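> Okay, sequence plus prediction incoming.
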Amino acid sequence: MRANIFALSSLIVASAVGCMQSGGTSPSSTDQVGGNAATGGASSTNTSLAIGGGTSGVGGNLATGGVASATGGNVAVGGKSNSGGAPAAGGNVGTGGRSAVGGNVATGGSFAIDVATGGGTAIDVTTGGAGTTGGTKSTGGLSATGGTKSAGGVSNTGGTPATGGSSTMAANTGGATSVGGGSSSPYYGFQPVPNSQNTTNFNPTTWYTSWKSKFYVDCANGTGQARIANGQGSGNTVSEGIGYGMLLAVGNADKPALDALWAYYKAHVDVNGLMNWSINQCDSGNNNAYAATDADEDVAMALVQADAKWGGYKTDATNLIGLIKKYETAAGTPSYLRPGDAANNGGKGDGTVNPSYFATGYWHVWATYVSDPFWNQLADDAYTMLAKFQALSISDPLNAAYIGALVPDWGTSQGQNPNNNKYWYDACRTPWRVAVDYAWYGNSPAQTFLQNVSAFIDAKGGIATMAPSYGNGGAGNSAFLGPYALSGMAVSQAKADTYLNAWLSANMDDSQYFQGSLRGVFLLLANHNFPKGI
């Protein structure tokens, strides 16, 4: 458990929870990053950190995505200024959907820009192709005019309601629909593309196979349970590891592993029906350690994804989501996510929050999955907090203060950081949580948050420059570099590609449980193999 979290005996919510290391210990918030990557970074080594400069325009700005303006796509991409597509071509012949192509041949519509700029179908009514301004159905990109069926401009690939900008939340984000020029995609933003040297590194199943051989442990006690060891050969398991393991199992189509990990979760719940955050090996029963919210969220989301993939998990998913709401959220103004289910937030008092637990993408899914608008309100309030945190001066991993991008490991529901927590082994996951929401829904608060992270990266020299500063001997780790890389998905194709390849090409030590588990989950999202499940 890290020194700066819940320094109390009953619930040290969330420490395993994000920052545990292989031996059962975890880095203190006062340590420097640099540290020993093989142990989670808990070292006092203060190596230099240079990170990277300047954000760029993003899907949805005037240069790329086609704003939802009166013209139905800006002049540069979506069609002519006043028409959203010449009547004969479905977009400016040189930009948004040539009659034979439907956009950039290699991208299926200039990274799916056509969705918002004149190559869509019914979506054009609300995103820039409506009536006489964005290109009517006969001029804005029909299958006969916006591109051939093989080129990304057909009516069912340029912007179906589920893929390219149907919701009002995503109308201005330039959300991608067919990022590689193929069939339509349910993801927004820019999918990163690996270079030839990183093709294997980009494969989530290759990583999962190796990871599973190290950390997946069959309880072999006739109960059908399996656990994720908190370190290779470790006798300890944290609920967070069960959550990561279940996400990895469903993402890699490993149903037996998912079921065995879920059986372990259910066999180790506390009095509230939520898994105790730390368990010794395959011990049975309730050890009264109480729960950690981020673990419960990941388990619930894995069940939603499993229900969509295989069926049969609806009841379990719905029940767990209900328990999370009942014991791990607080209603009010604002509503907020509690870090666990222990009384008085484990002794820290009302209003204590961990920003890296803000799984806003999950919450938007659950609002629909269980028909409860509370989850949407919780997400709105979380983004208000995140914006306040980013406006503070927060120390980066090398104790260099930065304003405008980072969040603390721990704070308050009012967006304050009274204990001067820095961006450390909890907070490092926050860009991933937000990137999930952006990839699924393309919403502007998520995009803004990630653009700010990208500005931080570029101001410090880029991921390739920062990587050697994140561990001993010039070895970085994916706990920090992976979420940084994912931020590029909300900025531009160039950023997404550059960040991804810098991350995967870096000298990293991801051999430890925490870094290695997160790397596998991050790869699922980068590969667009991390679905909403609805």
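Alright, I've got the coordinates. Keep in mind the model is a prediction, meaning the values are calculated, not measured.
> List the contacts of Arg227.
216-217, 219, 237, 241-242, 261, 264, 279, 281-282 (C-beta atoms under 8 Å, 6 or more residues apart in numbering). All C-beta atoms are positioned from the backbone trio N, CA, C, and that covers glycine.
> Could you verify that it is part of a strand?
Yes - Arg227 sits within a strand when classified using DSSP: H, G, I helix; E, B strand; the rest coil.
> what about it, distance to Tyr425?
Distance from Arg227 to Tyr425, counting by C-beta to C-beta, to the nearest Å: 22 Å.
> now do Asp458
23 Å.
> where are the low-confidence patches of this protein?
1-184, 471-472 (pLDDT under 70).
> ok, which stretches of it are strands?
Here the chain has its strands, by DSSP state E, at 216-218, 226-228, 236-238, 278-280, 329-330, 336-337, 352-353, 393-395, 401-403, 411-412.
> now these in CSV, with distance to Trp207?
Below are the strands of the chain laid out as CSV (distance: least, C-beta to C-beta, whole Å):
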stretch, distance to Trp207
strand 216-218, 13
strand 226-228, 15
strand 236-238, 20
strand 278-280, 25
strand 329-330, 33
strand 336-337, 29
strand 352-353, 31
strand 393-395, 30
strand 401-403, 30
strand 411-412, 32
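> Figure out which of those is closest to Trp363.
The minimum distance between Trp363 and the strands of the chain falls on strand 336-337, with 8.7 Å, by C-beta to C-beta.
> so what does that closest one touch, helix or strand wise?
strand 329-330, helix 374-390 (3 or more C-beta pairs under 8 Å, 6 or more residues apart in numbering; DSSP states H and E).
> neighbouring strands for the shortest one, and are they parallel or not?
Each strand paired with strand 329-330, and its direction, by DSSP bridges: strand 336-337 (antiparallel).
> Ala475 - nearest residue in space that isn't next to it in sequence?
Asp509 (4.2 Å; C-beta to C-beta, 6 or more residues apart in numbering).
> Looking at Asp458 and Tyr425, which has the bigger crowd around it?
Tyr425 (30 against 21; other C-beta atoms under 10 Å).
> Can you give me the distance of the more buried one to Gly312?
Tyr425 is 36 Å from Gly312, by C-beta to C-beta.
> cool, and Ala382?
31 Å.
> more crowded one of those two?
The neighbour count for Ala382 versus Gly312, taken as other C-beta under 10 Å, is higher for Ala382 (26 against 10).
> Please report how far the more buried one lies from Ile463.
On the measure of C-beta to C-beta, Ala382 and Ile463 end up 26 Å apart.
> what about Ala401, neighbour count?
11.
> Thr333 too?
7.
> for it, phi and psi?
Dihedral pair for Thr333: phi -120, psi 100, per degrees, to the nearest 10.
> ok, Gly251 - contacts?
204, 208, 305, 520-521, 524, 529-530.
> Make TSV out of the residues you listed and add distance to Asn345.
Converted to TSV, these look like this (distance: C-beta to C-beta, whole Å):
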residue	distance to Asn345
Pro204	35
Tyr208	34
Gln305	29
Gly520	30
Val521	26
Leu524	31
Asn529	35
Phe530	29
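> Next step: the residues you listed restricted to helices.
Using DSSP state H, the members of those that fall within helices are 204, 208, 305, 520-521, 524.
> So which of the helices and strands packed on strand 336-337 is nearest Asp254?
Using C-beta to C-beta, the nearest of these to Asp254 is helix 374-390, at 27.9 Å.
> Okay, Ala502 and Ala467: tell me how far apart.
7 Å.
> which residue sits closest to Leu486 in space, ignoring its chain neighbours?
Ala435 (4.1 Å).
> check contacts around the one you found.
Applying C-beta under 8 Å, 6+ apart, the residues contacting Ala435 are 446, 450, 483, 486-487, 489-490, 525.
> Of the residues you listed, select the buried ones using a PyMOL command.
Here is the PyMOL command that selects the buried residues among these (16 or more other C-beta atoms under 10 Å):
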select buried, resi 446+450+483+486+487+489+490+525
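> My read is that Gly404 contacts Gln390, right?
Yes - Gly404 is in contact with Gln390 according to C-beta atoms under 8 Å; the separation is 5.9 Å.
> So which of those two has more stuff around it?
For Gly404 and Gln390, the more surrounded residue by other C-beta under 10 Å is Gln390, and the numbers stand at 22 against 14.
> Pull up the gap between that one and Phe449, please.
From Gln390 over to Phe449 the distance is 7 Å, taken as C-beta to C-beta.
> need the helices for the stretch 151-300 of the chain, in chain order.
204-215, 239-251, 255-266, 293-309 (DSSP state H, counting those that start in this stretch).
> and the closest residue to Phe389 other than its chain neighbours, what is it in contact with?
Counting by C-beta to C-beta, 6+ apart, Val407 is the residue found nearest to Phe389 once chain neighbours are left out, at 4.1 Å. The contact partners of Val407, by C-beta under 8 Å, 6+ apart, come to 355-356, 386, 389-390, 394, 423, 427, 430.
> between those residues, which is closest to Thr199?
For the contacts of Val407, the nearest to Thr199 is Thr430 (28.7 Å; C-beta to C-beta).
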